[in-house]
Each structure stands twice: as structure tokens, then as C-alpha cells.
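1. Got a predicted structure here, sequence first:
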Amino acid sequence: MKAKKVLVKGVEAIALGALEADCKCYFGYPITPQNEIPELMARELPKRGGVFLQAESELAAINMVLGACATGVRAMTSSSSPGISLMCESFSYIAALELPAVIVNVMRGGPGLGGIEASQGDYFQAVKGSGHGDFHFMVLAPYNVQEAYELTVKAFEFAEKYRNPVMILSDAILGQMKEPLILKKLKIKKYPTDTWALTGAKGRPSRIIKSLFLDSKELKERNLKLYKKYQKMKEDVLFENLVNEEDEIVVVAFGSMARIAKEACLNLRKKGYKVGFFRPITLFPFPEKTIQDIIKGAKNQLKFVVAELNCGQMVEDVKLAVNGKAPVISLPYPPSVIPFPEELEKDIINV
Amino acid sequence: MKIELIISGFGGQGVLFAGNLIALSAMKEGYYVTYLPVYGPEMRGGTCNCTVIISENEIASPLISNPSFLIILNYPSFVKFIPNLKKEGIAIINSDLVKPEEFKNPKYLKKDYKLYFVPVTSLAESLYTPLLANLCAIGAFYQITKIFNKFTFKKALKEILGENKTHLLEPNLKAFELGAKYIKENYR
């Protein structure tokens, strides 16, 4: 049977992806611009034997996710920047407990209450670990509605595979725009949870999932275990690479900014400029090896240009990946001044 | 083929509904589409706009600075968007709220636009209610572009209205026909 094609918002695609991935629990608290996610989940989850619950606060919601995940059930929450900040303490606990939670951040402008304009200002918060302690999310950044759907499915798979929280980092433009979505029936990978999940100890020895290790040796081991896991995640790095050997400039962008940057790059190429385009899809782990390979394979001295809807955050990760072998220039666009492709073209040429 | 369309008018004139409907109809016709509602704190009675891109190829950016097609439902939108219209761009203008005299202003006459003045508000009023002005404008859009056929449009309209509002199908289709007819009779 041909897959159904629908016209939906980016946030609706995320909710549909979660349902496709057999997410059973949604806990959340409303905030613009992601309210279509709870709306759709509230309608659909009960029909599928799942649980939808609007919590009294973000803090309650994320701790409900923690509890549900500890039983091995696929659970998620979604929020936008200020709401995500309220959840940060529990993110640290979820990572420490190695629970496969999926968290969606549809970014809006900050800091503080900011505004409801699209922004990518939470890059650092998402990628560098947003609570205390030495931990990371795996971070996935879709750039169109189809990818929002498919990456949400992947998010649940990665979360279970690594027993680690996965964040989907989207933004207000991508969340609110409508695009055709092909509702592909995807093959959903499931990883065993019965070796660790808390499902009642009847007929087996009891288990404990905890984050307190007063024994310093144990704590060290726990941290090293997490570190090894983050290293292993590099197997699943995702990216889109449109860089040719002859290129002189590589434009790096993610999320909705990548759409604008991609159009600008393709236009510049038509005009004869040697401009390549690179889009990290996993922001953590960052595709640093691919960037190094791009530099090795280049025939000309490269220049990296990092365009973001913030004052320059991902540029730091690009600099680390480039490791001094090429100049890295930041093109910052703080919230509310989302550039048109033509403006970005001019800015790239000026560089 | 690529249509970069901005629809703009007062909040409540059905700007977003119209954008969604055009995008869905074009999608059902097999085109790539994006639909981006204006995003920000808006209020009833304020201006409101949305961007629809329809293309044979994949669409990179959902944002456009210079539309090739405009549907203008009120005067503030006219002042805001007409100067950005592309060379040889097309505009459907609600002549109930924007008078053709406004074009005496040379600022708006600098390019070779193709303008269609359609009194969508009074056309809709002649049917039932001015609320259908947006459908009259879509009718005009259909007649000018023929980007989707009527059958596809009807399917899209049915889908958007949903099961609870099937009684609105007929008045909406009538308004659509009226807009199309106006273009047929008054232009070309």
C-alpha cells in the first residue's frame, strides 16, 4: 500500500513520529510554539492504550518521564526553551540513571522569557549537557518536516540502544511551518529493556536504578562508563555533506537555518562561486571526523562559515573539529532577524 | 515552475485558512509545498500573513523576501508587500479595501506588475457573508494560475473542513466559483 501523504506542521510530525515509534507515555506542560505536540498526543495516545498527562509543571512532567522510562516504557516530553530550563535538574538524573527518555525542545528566543521568535540559542544547553555533572544528551536536529518525523523514530531507537536521553532540537520556524509528510511505515528497532527495567521483582532478584554513589571508586566507574558510551555514539553520527573537492568555502548550519543556508549555497554555486554546504544532523556526537576528512580532501585552502540563529554557539564545535587547519568565521543571526537566502548569500560573499 | 505566494490581510479574514487550503490543494496535485504562517504575538483585527511556496522541485527555504504572487486583502498589507513584489509579479487585490486609485502613487508603479482587482469582500457578501472573501480570492488564484484542478481543490477543502463542518462545503465552493468567474469575465 502506498504511504499516506499529509500536510502537517513540524511539531505535528514529531508527535506522529513518536506514535509511529510506539511511544506509550507523554507528560508535558504547555508552552508556545510546541502545543500541537501535546494536542495530538492527547487525542491519539489514549486510543492506543497509552497515557497522556498534562502535569502541573515542567518539573513534574520530566520526573514523570523519568519514572515511566525506569519501567522500560517508551516515554517522552516536549517543551520550548524556558520550559526546558526548568527540567534541567532532572535531565542530569535521567542521564545518571541511564534512562532512555526522549525530550523535544522547539526552541524560541531567549534568554529569560525572550520571545516566541525562532532561535537556535539553546545549542549550548542541548549539546554541552544542561544539568550538573559530566553527561550528554544525544542531540538530533531535523531540518524539514519529513526528517522531524523520521528522526523522532530514530530518537526512541537511539535512546534505547544507548540507554541515554535523546533530545530533538527543533525551532519555531520548523515547528510551525507545514510541509508534505509521507507517513512511511518504518521498521522500528527495539532493544531489550528486560535486563534493567524496574518491572517488579517477582521471580527474579530485585534491581536498583540509582544515581548516588558515595563510594568514590564506584562513582569514577560510573563516569567512565558514561564517557565510553558517549564515545561509542560516534558510530551513529548523522550529517548531510554537499562539499566538493574544489570548494573554497564550506557553510555549516543546522536545523531551519540549514534550509536557508542550503538555498543560499546552491544559488551561489550557480553563480560560479565555489561554495559547499555541510549540515550536522547529530549535534552530539558532532561529526568532527567528517569535517576533518573534508579538510584533507580539499584541493584549495578552505574557509568555514558557520551560520546560526544565535550569536555564535555551534561555531565553537566547528572550531574544535577544524582544529586550527582552516579559518572559521561565525555568521550570527540572533532571534527575530531570520535572514532571507539572498541576505545570507551577500553575507557569505562578503566573507 | 515556482510560485512564491504571500497572502496578507486582517486577522479574521481567513488568511491562514486560505494559505493552508492552497498549499494542500497544490500538494495533492503533486507539487512540493511549504506553508509558513506569520509567527509572533498577533491580535484580532491586526494584520496577518502567511507564505506558501509551490514548486516542481524541492524547496529549501520556507522564507521569501520577494514574492512572485500576492493575495492582498486589506490596505496595510498592500502598502507593506506591493513594493516587494518581483518583476512581472502577479497580485490579486481586494478592491473593496484597496482602491485602484492608490496606484497613482509612482512608488507602486515602478515595475511591470500584473494586477487583478477583485472586490472579494462584496462578492462574498453577495453570497452570504464577508467571511467567505478568502474563498473568492482563492477562486481568483485558481483561475489565474490553474495550478490545481477543481476536483483536487474540492477534496482539499473537504479534508480541511473535516466531518463536523461538511455543511460549510457548499457555500465555500460557491464563493470559490464566484471569484473564478469574476476573473474570467473581467480579465482576458
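-> Great, that's in hand. Residues are numbered from 1 along each chain as shown, chains lettered A, B, ... in the order given.
2. I figured A:Lys5 was touching A:Ile182, is that so?
-> Yes - A:Lys5 is in contact with A:Ile182 according to Cβ atoms under 8 Å; the separation is 5.2 Å. C-beta here means a position set from N, CA and C on the backbone, and glycine is covered the same way.
3. Can you list the residue ranges for strands in chain B?
-> When secondary structure is read from DSSP state E, chain B shows strands at B:2-10, B:32-37, B:47-55, B:69-72, B:90-94, B:114-118.
4. and of those, who's closest to chain A?
-> Judged by Cβ to the nearest Cβ, the one of these that comes nearest to chain A is strand B:32-37, at 4.0 Å.
5. And the contacts of the closest one?
-> A:7, A:173, A:176-180, B:16, B:19-20, B:23-24, B:26-27, B:50-59, B:62-63 (Cβ atoms under 8 Å, 6 or more residues apart in numbering or on different chains).
6. again with stretch A:82-93
-> By Cβ under 8 Å, 6+ apart, the list of residues contacting stretch A:82-93 from outside reads A:29, A:31, A:57-59, A:61-63, A:65-66, A:77, A:79, A:103, A:105, A:108, A:110, A:112-114, A:122, A:125, A:129-133, A:135, A:137, A:165, A:211.
7. Make a PyMOL selection of whichever of these turn out to be buried.
-> Applying 16 or more other Cβ atoms under 10 Å in any protein chain shown to these, the buried members can be selected in PyMOL as follows:
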select buried, chain A and resi 29+31+58+59+61+62+63+65+66+77+79+103+105+108+110+114+122+125+129+130+131+135+137+165
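8. what's around residue 18, how many residues?
-> All of this refers to chain A. Residues within reach of A:Ala18, counting by other Cβ atoms under 10 Å in any protein chain shown, total 30.
9. I was thinking of chain B, sorry if that wasn't clear
-> 24.
10. quick one: the helices in the chain?
-> You didn't pick a chain, so chain A it is. Assigned by DSSP state H, the helices in chain A fall at A:10-20, A:36-44, A:58-70, A:81-86, A:88-96, A:123-127, A:145-162, A:172-176, A:216-232, A:255-270, A:288-297, A:314-322, A:341-350.
11. that's the wrong chain, I wanted chain B
-> Along chain B, the segments classed as helices by DSSP H run B:15-28, B:75-81, B:120-127, B:133-145, B:150-161, B:169-186.
12. May I have the second one as PDB, with CA atoms only?
-> Yep, that's helix B:75-81 we're talking about. Only the C-alpha atoms of helix B:75-81 are listed here, as PDB (Å, rounded to 0.1, in the frame of the first residue of the first chain):
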ATOM      1  CA  TYR B  75      -4.800  48.300   2.700                       C
ATOM      2  CA  PRO B  76      -2.000  47.900   5.200                       C
ATOM      3  CA  SER B  77      -0.900  44.700   3.500                       C
ATOM      4  CA  PHE B  78      -1.000  46.500   0.200                       C
ATOM      5  CA  VAL B  79       1.400  49.100   1.400                       C
ATOM      6  CA  LYS B  80       3.700  46.600   3.100                       C
ATOM      7  CA  PHE B  81       4.000  43.900   0.400                       C
END
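13. hmm, back to that, could you say which of the helices of chain A is packed most deeply?
-> Highest mean neighbour count among these (mean count of other Cβ atoms under 10 Å in any protein chain shown): helix A:172-176, with a mean of 28.
14. any chance of the helices of chain B in JSON lines, with distance to chain A too?
-> Compiled in JSON lines, the helices of chain B are given as follows (distance: least, Cβ to the nearest Cβ, whole Å):
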{"stretch": "helix B:15-28", "distance to chain A": "5"}
{"stretch": "helix B:75-81", "distance to chain A": "14"}
{"stretch": "helix B:120-127", "distance to chain A": "24"}
{"stretch": "helix B:133-145", "distance to chain A": "16"}
{"stretch": "helix B:150-161", "distance to chain A": "9"}
{"stretch": "helix B:169-186", "distance to chain A": "18"}
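15. Tell me the gap between stretch A:169-183 and the middle of its chain.
-> 14 Å (Cα atoms, centre = their mean, to the nearest Å).
16. likewise stretch B:92-103?
-> 14 Å.
17. what comes up buried for that stretch?
-> Of the residues in stretch B:92-103, B:92-98, B:103 count as buried by neighbour count, 16+ other Cβ under 10 Å.
18. what residues does it touch?
-> Contacts for stretch B:92-103 (Cβ under 8 Å, 6+ apart): B:9, B:70-75, B:78, B:108-109, B:115-122, B:133, B:137, B:140-141, B:144.
19. Kindly report the same for stretch A:63-70.
-> Contacts with stretch A:63-70, where a contact means Cβ under 8 Å, 6+ apart, come from A:24-25, A:27, A:51, A:53, A:55, A:75-77, A:90, A:93-94, A:97, A:99-101, A:103, A:197-198, A:209.
20. Output that stretch as PDB, nothing but the C-alphas.
-> What follows is stretch A:63-70, C-alpha atoms only, in PDB (Å, rounded to 0.1, in the frame of the first residue of the first chain):
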ATOM      1  CA  ASN A  63      10.100  13.400  36.600                       C
ATOM      2  CA  MET A  64       7.100  11.500  35.300                       C
ATOM      3  CA  VAL A  65       9.100  10.800  32.200                       C
ATOM      4  CA  LEU A  66      11.900   9.600  34.500                       C
ATOM      5  CA  GLY A  67       9.500   7.300  36.300                       C
ATOM      6  CA  ALA A  68       7.900   5.800  33.200                       C
ATOM      7  CA  CYS A  69      11.300   5.200  31.500                       C
ATOM      8  CA  ALA A  70      12.600   3.400  34.500                       C
END
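21. returning to what we had before: can you lay out the buried residues of stretch B:92-103 as CSV showing pLDDT?
-> Compiled in CSV, the buried residues of stretch B:92-103 are given as follows (pLDDT from 0 to 100):
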residue, pLDDT
B:Ile92, 96
B:Ile93, 94
B:Asn94, 95
B:Ser95, 93
B:Asp96, 93
B:Leu97, 92
B:Val98, 89
B:Phe103, 70
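22. biggest separation within those, which pair?
-> Largest separation among those by Cβ to Cβ: B:Asp96 and B:Phe103, giving 15.4 Å.
23. B:Met1 versus B:Val120, what's the distance?
-> As judged by Cβ to Cβ, to the nearest Å, B:Val120 and B:Met1 stand 25 Å apart.
24. Flag the shaky bits of the chain, pLDDT-wise.
-> Here I'm looking at chain A. Counting by pLDDT under 70, chain A has low-confidence residues at A:1, A:337.
25. my bad, chain B
-> For chain B, counting by pLDDT under 70, the residues that fall below are B:39-44, B:104-111, B:188.
26. Just the closest residue of it to chain A, please.
-> B:Ala60 (3.4 Å).
27. re earlier: buried subset of the contacts of stretch A:63-70, written for ChimeraX?
-> Under the burial definition 16+ other Cβ under 10 Å, those of those that qualify are selected in ChimeraX by:
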select /A:24,25,27,53,55,75,76,77,90,93,94,97,99,100,101,103,197
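28. tell me which parts of the stretch 1-150 of chain A are close to chain B?
-> The stretch 1-150 of chain A comes close to chain B at residues A:5, A:7, A:33, A:115-118, as judged by Cβ under 8 Å from any Cβ of the partner chain.
29. which of those residues tops the neighbour count?
-> The residue in those with the most neighbours, by other Cβ under 10 Å, is A:Ala118 (27 neighbours).
30. Okay, the nearest residue to A:Val8 once chain neighbours are set aside and A:Lys5: tell me how far apart.
-> Among residues not flanking A:Val8 along the chain, A:Leu181 sits closest, at 5.2 Å (Cβ to Cβ, 6 or more residues apart in numbering or on different chains). Noted for A:Leu181: a distance of 7 Å to A:Lys5, by Cβ to Cβ.
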